[in-house]
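>>> sequence unavailable; structure follows:
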């Protein structure tokens, strides 16, 4: 977008009063049940609606019927009781804050005269009306909190006092042109009037948009649109109007403006802006710019925005089409899509919410669409409990694997659904039904036995009655071989960048589909924070002082900044108008940004972190500041240089000492793939090594099928990640830079994220606005304990010495995990101690527990053991329920197979967990008093009459039986087959329940009541036993 | 509380035998409640003071004159003081209260009929301590003493002095100080393993009361 700015100021000050409108009505369910599977009630008005105003005090909505010359008076639940005949072409209307005046603008610019242009002021209390002629066509009208209406015409900004009918000119409007009637058929009011206005919730701000130019440059084939607009904001307090002229590509549709409560943000067309109006905070991705389809409105109460807009490549969607119009429920902060609701017909302009944000009134194809947004929890929907299912076949387990996913309706209703997939080898049962339902997804590993990487399949979820568009369930299937290195950490969504913190044991991942920055702990690889980005994050950079992380975006003209000490958002960096900061790199001298620019040339800018403003560089040294739209920047670790690679084959080098670009070359016809810059004046792009003059000096070893994905410099060697295809294993190599030769290479469990070709079409058949031409998918961690890779199913963690020779594992001891003693039983949580048990340290929160973790898998008599934690010396897992008597345990790692380890599994071996913590006291028995929910200690003793809960493992089989690795069910609880006996001294406790703790794997919970004759003392023995087997005892304090 | 009730019934049963044809007095008292402290020790480490914080007391009594100088009264007293530990760099506090019932003999320095009658009193009874604080998983100085939410019944010896002043024909204003002496309630102040805590608590109650003579 380009802009020219002109401003007007006036000195008027006014006081005003606000009238609170009462919203007293009852919502009926039936009126809003539009067509099957849609939400919203359509109210046809027999004409074309051009504007609406909500009058909750009178319980009505006024709808301007532009073509029928009426104001329809509609009840809040959608009945049109009366219609008020008015002058020709009512195009805009506004209700005064006190509800007394309804001002109607008439846009009636017919050829041969404009006599019809004017205003009607209706005094709703006195039931009178007055009409005024205007010399120019009125584009819109909106009331501020001061009780005066801003009237925008094609020539002026006017301030109207409805009591007197007097208008004061606030300023003149330049460049706005209006349509001359009559127009060709097929034009709607959004195209004819070419303007829209909205008021902030507090009434202190008015935002608006008006078409500028000849109106023939539309890009949507309607012949009635313009790529230029006048965007204006009116400050009610100071009576000042600020206006900016924008040039848009595509045109600024939908023709709607919305403003949040305090007026700090507003949306216009497909953009979201702050009050300064020349800063685009976010944009609706892939918008086609069509004017007469769509709407948007803020829901400040819920932090949401509701919007419809047409995406590029989509045709207009009539209500009868198979694909229904969709209302997006968005995060108002960054326009991340949270839900999609199907509408009975397209919205077509302005929307407003009622005072309690329970109803949304939108101009639509038929007239008005009423959407009960406040009753979202009562709208029938189908929601899956998981967005990704990971099937990790391994060399310990080649059986058909089953996982469950729950489909439910948040409203609790029974909503139909059907599931389908085109991927062979995946079974779904049941494939159709009604919510709530538990679906079993089965994967036959034999169908994927030739796929050694990860196959990503999708299960489509459809519903007829449900109004939402359910998300697909992604199914990831991997059958790795023992030599394929790395452990998985499934991360859902489209991941586009990976950066290791240069001074902290953390790493950062950009999730583009939900506009999120994910922060992971480097030692455990667990996610420790989720931070919002602006729309469509593309790349990250850490500032040279290591304090901030910067995130660039493709649909926002800001760089989001995050404080790495606090992991909180800091003030953003403002880009020049029309600059979308796709790539960022930091050097010791400055921070550079490569931007897609809404203009003829794409640019590199420099960031001033003090003012948080980016400024376009006049030139790149002796070179013109004109870069390819797909340009990637990366800084060397020592801050001396910033390397730029462009998809058209050009490369650039910024030298921090010279503070300018010193080199530009074009030795390639095209570039893509991995990129990196070293502290030793070497650079890598795709498979080529460049020297300090960016002259190609070597080619990295690669087979003809290997696709470059990631490269990272470590000291004076490099780590390179490639793959033949998305479904093949990855290949990680340690590269000796002296000759560009791979020193050692290893296969990786799955392929890394691979570069896309420019303009690659996505699975949704929607044209992509940003393609991942360049990829950064490997990150050696600061701790030098692991290398993290961005791979097909999220992250793959490799040991730092992934290419070192590995010794075979050795099991030395198997104990129960509760207290580290010997006895174990079926279903016990166990700890295995030994050497070389796993090349990496890794824990998982996945349930059911995986049967392989961190490249290790364990079996007992051939049955896979679900594991929760692996390290070189310890593995924690669950003894299979099938295990009994004398059994043999085997461990498989990349180093080989362990010797047989023989052990005896008792029917029961109850052991109380020693993992409770109280202040600095650790390893306390996990016994809790029900009365206060606190762990039993000497300071919180058991009282006679108390009910206590004990948490144990080793209580054996249950009824109903639970799969090994699965959490205990909630209702009914899985009760132990062999009842326990709990005593305090000689006193026997009344056991109220004993079974698997709901939601926990291998953890049992016993609830018992302490008798009044329990012995008292500081050290009373609490014992638990089952059947004739051994028991466990702990010492507790008991008082009266 | 059951033990208190038994004791109160026994004490009241004694009254008629000692109260033949004498004047009766009923009234209420209120004032402060102060405790002495005792040291809790743990091996050769520094001692920790165990006590009750300063608080308040209130009570009711029924008394009678048994001659020109001697009298007797049965009394119920409520005390509100937090159990406290301090020392060794730490401090712990735990809500507590006490209920006492005792019978005292009263020796007046002036015979019946004087408007001002100084007196001494001594007696015995029972005192129930109640730990009422909120239990938490940790407590400062718990290596020494565990402050516990429970009840502890102890023997009670009382002694005191004061003065009664007639107000009109039937009214009595009294000002007095009493010492309530009990063994340390070791259920409330429970010594932890290896710790030692013993002796008696003095509880001094400076109080003002109003009575009615009939």
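Happy to help now that I have it. Because the structure is a prediction, the values reported are computed rather than measured. Numbers count the residues shown, from 1 in each chain, chains lettered A, B, ... in the order given.

>>> show me what from chain B comes close to chain A.
Contact residues, chain B versus chain A (C-beta under 8 Å from any C-beta of the partner chain): B:135-139, B:142, B:146-151, B:187, B:190, B:192-193. Yep, even glycine has a C-beta here, placed from its N, CA and C like the rest.

>>> and the residue most central in space within chain A, what does it touch?
Centroid-nearest residue in chain A: residue A:514, 1.9 Å away (criterion: C-alpha atoms, centre = their mean). Contacts for residue A:514 (C-beta atoms under 8 Å, 6 or more residues apart in numbering or on different chains) come out as A:336, A:493.

>>> check residue A:430 too.
For residue A:430, the contacting residues are A:437, A:439, by C-beta under 8 Å, 6+ apart.

>>> and if you look at residue A:638?
Here residue A:638 is in contact with A:588, A:679 (criterion: C-beta under 8 Å, 6+ apart).

>>> is it in a helix, a strand, or coil?
coil (DSSP: H, G, I helix; E, B strand; the rest coil).

>>> what's across from the residue positioned nearest the centre of chain B in the sheet?
The residue lying closest to the centre of chain B (C-alpha atoms, centre = their mean) is residue B:180, at 4.3 Å. Note on residue B:180: beta-bridge partners residue B:158, residue B:203, judged by DSSP bridges.

>>> returning to that earlier point: look up how far residue A:567 lies from the residue nearest to the centre of chain A.
The gap separating residue A:514 from residue A:567 is 18 Å, by C-beta to C-beta, to the nearest Å.

>>> where does chain B have low pLDDT?
B:1-22 (pLDDT under 70).

>>> change it to 90
Low-confidence segments of chain B (pLDDT under 90): B:1-23, B:43-45, B:66-68, B:88-89, B:112-113, B:169, B:214.

>>> same check on the stretch 51-200 of chain A?
Applying pLDDT under 90 to the stretch 51-200 of chain A picks out residues A:81, A:108-117, A:134-137, A:154-155, A:171-195.

>>> do the same with the stretch 451-600 of chain A
For the stretch 451-600 of chain A (pLDDT under 90), the answer is A:451-453, A:478-490, A:492, A:523-526, A:577-578, A:598-600.

>>> repeat for the stretch 801-950 of chain A
Scanning the stretch 801-950 of chain A for pLDDT under 90 picks out A:801-808, A:820-823, A:839-857, A:862, A:892-897, A:919-921.

>>> chain B contacts on that one?
Residues of the stretch 801-950 of chain A lying near chain B (C-beta under 8 Å from any C-beta): A:918-921, A:932, A:934-935, A:937-941, A:943.

>>> just the buried ones among those, please.
A:918, A:934, A:935, A:937, A:938, A:939, A:940, A:941, A:943 (16 or more other C-beta atoms under 10 Å in any protein chain shown).

>>> between which two of the residues you listed is the distance greatest?
Farthest pair in these (C-beta to C-beta) is A:918 and A:943. Separation: 17.1 Å.

>>> in chain B, which spans are helices?
B:2-18 (DSSP state H).

>>> most distant residue from the centre of it?
Chain B, farthest from centre, C-alpha atoms, centre = their mean: residue B:44 at 33.1 Å.

>>> what about it, distance to residue B:194?
Using C-beta to C-beta, we find residue B:44 at a distance of 11 Å from residue B:194.

>>> again, but for residue A:888
Taking C-beta to C-beta, one finds residue A:888 at 48 Å from residue B:194.

>>> again, but for residue B:139
Applying C-beta to C-beta to residue B:139 and residue B:194 gives a distance of 16 Å.

>>> of these two, which one has the most company?
For the pair residue B:139 and residue B:194, the greater number of neighbours falls to residue B:139 (25 against 11), based on other C-beta atoms under 10 Å in any protein chain shown.

>>> quick one on the thing from earlier: among the residues of chain B next to chain A, which are in strands?
B:146, B:147, B:151, B:190 (DSSP state E).

>>> now these as a markdown table including neighbour count?
A markdown table is the format used below for these (neighbours: other C-beta atoms under 10 Å in any protein chain shown):
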| residue | neighbour count |
| --- | --- |
| B:146 | 27 |
| B:147 | 25 |
| B:151 | 18 |
| B:190 | 23 |
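
>>> mind picking the two most distant members of those residues?
Between any two of these (C-beta to C-beta), the greatest distance is 15.1 Å, for B:146 and B:151.

>>> using a markdown table, lay out the residues of the stretch 801-950 of chain A next to chain B together with secondary structure.
Shown next, in a markdown table, are those (three-state DSSP):
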| residue | secondary structure |
| --- | --- |
| A:918 | strand |
| A:919 | coil |
| A:920 | coil |
| A:921 | strand |
| A:932 | coil |
| A:934 | coil |
| A:935 | strand |
| A:937 | coil |
| A:938 | coil |
| A:939 | coil |
| A:940 | coil |
| A:941 | coil |
| A:943 | strand |
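
>>> out of those, flag the one nearest to residue A:357.
Once C-beta to C-beta is applied, the member of those that ends up nearest residue A:357 is residue A:932, at 39.8 Å.

>>> so that closest one touches residue A:942, yeah?
No - Residue A:932 is not in contact with residue A:942 according to C-beta atoms under 8 Å; the separation is 11.5 Å.

>>> between the two ends of stretch A:866-880, what distance do you get?
8 Å (C-alpha to C-alpha, to the nearest Å).

>>> and it, what's buried?
Across stretch A:866-880, burial judged by 16+ other C-beta under 10 Å covers A:866-872, A:874-880.

>>> farthest pair in the residues you listed?
Farthest-apart pair in the buried residues of stretch A:866-880 is A:872 and A:880; separation 23.8 Å (C-beta to C-beta).

>>> returning to that earlier point: separation between the residue farthest from the centre of chain B and chain A?
According to C-beta to the nearest C-beta, to the nearest Å, residue B:44 stands 21 Å off from chain A.

>>> so where's the stretch 201-350 of chain A shaky on pLDDT?
Within the stretch 201-350 of chain A, the stretches with pLDDT under 90 are A:210-230, A:242-252, A:274-281, A:285-292, A:310-324.

>>> can you map out the strands along it?
Secondary structure of the stretch 201-350 of chain A (DSSP state E, counting those that start in this stretch): strands located at A:205-212, A:228-235, A:240-247, A:257-259, A:265-268, A:271-274, A:280-283, A:294-299, A:304-309, A:326-331, A:337-342, A:347-353.

>>> buried ones in stretch A:1008-1022?
Neighbour-count burial for stretch A:1008-1022 flags A:1008, A:1010, A:1014, A:1016, A:1017, A:1018, A:1020, A:1022 (criterion: 16+ other C-beta under 10 Å).

>>> any bit of it sitting next to chain B?
Yes - Stretch A:1008-1022 comes into contact with chain B (C-beta under 8 Å from any C-beta), by way of A:1018, A:1019.

>>> pLDDT averaged over that stretch - what is it?
Stretch A:1008-1022 carries an average pLDDT of 95.

>>> ok, residues contacting that stretch?
Outside stretch A:1008-1022, the residues touching it (C-beta under 8 Å, 6+ apart) are A:925, A:927, A:938, A:942-948, A:950, A:982-992, A:1033-1040, B:190, B:192-193.

>>> again, only this time at 7 Å
A:938, A:942, A:944-948, A:982, A:984-985, A:987, A:989-992, A:1033-1040, B:193 (C-beta atoms under 7 Å, 6 or more residues apart in numbering or on different chains).

>>> equivalent analysis for stretch A:259-278, please.
Residues outside stretch A:259-278 that contact it (C-beta under 7 Å, 6+ apart): A:3, A:198-202, A:204-205, A:207, A:209, A:231, A:233, A:242, A:244, A:248, A:252-254, A:257-258, A:279-284, A:287, A:289, A:296, A:298, A:300, A:309, A:335, A:577.

>>> no more questions from me, cheers.
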